[in-house]
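Novice: Provided below are the primary sequence and the corresponding predicted coordinates.
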Amino acid sequence: MPHFLDLRDLSREQIVNILTEAQRRKVKRSVGEEHTLSGKSLAMIFEKNSTRTRVSFEVGMREMGGNPVVLQKDDLQLGRGETVADTARVLSRYCHAMMLRAYHHNTLMELAQYSSVPVINGLTDLLHPCQVMADVLTIEEKLGSIAGKKIAWVGDGNNMANTWITAAEKLDFELVLACPASLPPDAEFLEGAKKAGAKVRLTTNPADAVAGADVVNTDTWVSMGDDDTLTRKQAFNGFQVNEALMAKAAKHAIFLHCLPAHRGEEVSDAVLDGPQSFVFDEAENRLHVQKAILLWCMGEI
Ligand code: CP
Ligand code: NVA
């Protein structure tokens, strides 16, 4: 079953094929999209808020002739205690694929276990693979092949940081993550990636991560589901991506952020709105990548 749950489940070749299709669809969109998913329905379940994931999947399905069904958890019987397993079994009878944005990664794994159609990870507490696919596409558009590039992660060791670690296992780039000592990425992911030969390193020093980097990447200091405490925010003292930090990266370096951004916290306005920032191309690329992921899951590529 071609679920899209974790980049580690895919081969390098499968990841490259999805990115190639996303690029092709991006070009194709301006001249008229192919209705490859005509008659296909996608159930999209949200336990958390979303702008980009919701709209890019919904528009992507419609542009390919398919039918997206957007379901907020509390509108479903799932919100009243129907089990994840039974929800998976029922939705599998109506839809050709499902996407879930969940608080707990285990909920996603359970949905996939009981689903008889492909399941896509639309973000969990642990991983956000659709986003990193769009990030890689953006990097390759702006800087050429990601192979051999230095990617810096500055900030929380969260779902995005973990997903970058999984990407480093599959694509040949150097990843240096600067995270507060109290908020590191998942240790198993990090050790697993190192064992798999990925060029991944963790530091607590943002300047070290950013030095000479081709890409500087950050994310909110408080993810959905995290407690927004003063102690947590204080841990990020010195972690803001601002012009002084960007100046330590390569001259041609680009800045990426999955958004939503908290301006003045993890990133300054000057960087987010500056010439090195490609965050809105990155957001747009979610649409093209979503289409390619849907096509891959439904056996069209
Ligand atoms: N980057 C991202 O996933 O955005 P949304 O939370 O708006 O979907
Ligand atoms: N790390 C963020 C990403 C939002 C797209 C969160 O989980 O809230």
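Specialist: Okay, I see it. Ligands and ions are numbered 1, 2, ... in the order given.
Novice: Burial check on V31, number of neighbours?
Specialist: 6 (other Cβ atoms under 10 Å). Where you see a C-beta, it was placed from the backbone N, CA and C, and this is true even at glycine.
Novice: Can you report how many residues neighbour whichever residue of the chain sits closest to ligand 2?
Specialist: Proximity of the chain to ligand 2 (Cβ to the nearest ligand atom) peaks at S223, 3.3 Å away. When neighbours are counted by other Cβ under 10 Å, S223 registers 16.
Novice: can you give me the strands for the chain?
Specialist: For the chain, applying DSSP state E gives strands covering 41-46, 67-72, 97-101, 119-121, 150-154, 174-178, 199-203, 215-218, 254-257.
Novice: Mind putting those strands into a markdown table with mean pLDDT?
Specialist: Shown next, in a markdown table, are the strands of the chain (pLDDT from 0 to 100):
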| stretch | mean pLDDT |
| --- | --- |
| strand 41-46 | 98 |
| strand 67-72 | 98 |
| strand 97-101 | 98 |
| strand 119-121 | 99 |
| strand 150-154 | 99 |
| strand 174-178 | 99 |
| strand 199-203 | 98 |
| strand 215-218 | 98 |
| strand 254-257 | 99 |
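Novice: Do I have it right that G299 meets P2?
Specialist: Yes: in this structure, G299 is within contact of P2 by Cβ atoms under 8 Å, at 7.0 Å.
Novice: Counting neighbours, go ahead and name the busier of the two.
Specialist: Using other Cβ under 10 Å, the more surrounded residue of G299 and P2 is P2, with 16 against 9.
Novice: and the gap between that one and ligand 1?
Specialist: Using Cβ to the nearest ligand atom, to the nearest Å, P2 is found at 21 Å from ligand 1.
Novice: quick one on the thing from earlier: indicate which one of the strands of the chain is closest to T107.
Specialist: strand 97-101 (7.0 Å; Cβ to Cβ).
Novice: Give me the contact list for the closest one.
Specialist: Here strand 97-101 makes contact (Cβ atoms under 8 Å, 6 or more residues apart in numbering) with 40, 42-48, 50, 53, 57, 88, 91-92, 107-108, 111, 115, 117-124, 294, 297-298.
Novice: change it to 6 Å
Specialist: Contacts of strand 97-101 from elsewhere in the structure, counted by Cβ atoms under 6 Å, 6 or more residues apart in numbering, are 42-46, 48, 50, 57, 91, 108, 111, 117-120, 122-123, 297.
Novice: dump the residue contacts of the residue of the stretch 201-301 of the chain found nearest ligand 1.
Specialist: Of all residues in the stretch 201-301 of the chain, the one sitting closest to ligand 1 is C258 (3.9 Å; Cβ to the nearest ligand atom). Contacts for C258 (Cβ under 6 Å, 6+ apart) come out as 131, 160, 219.
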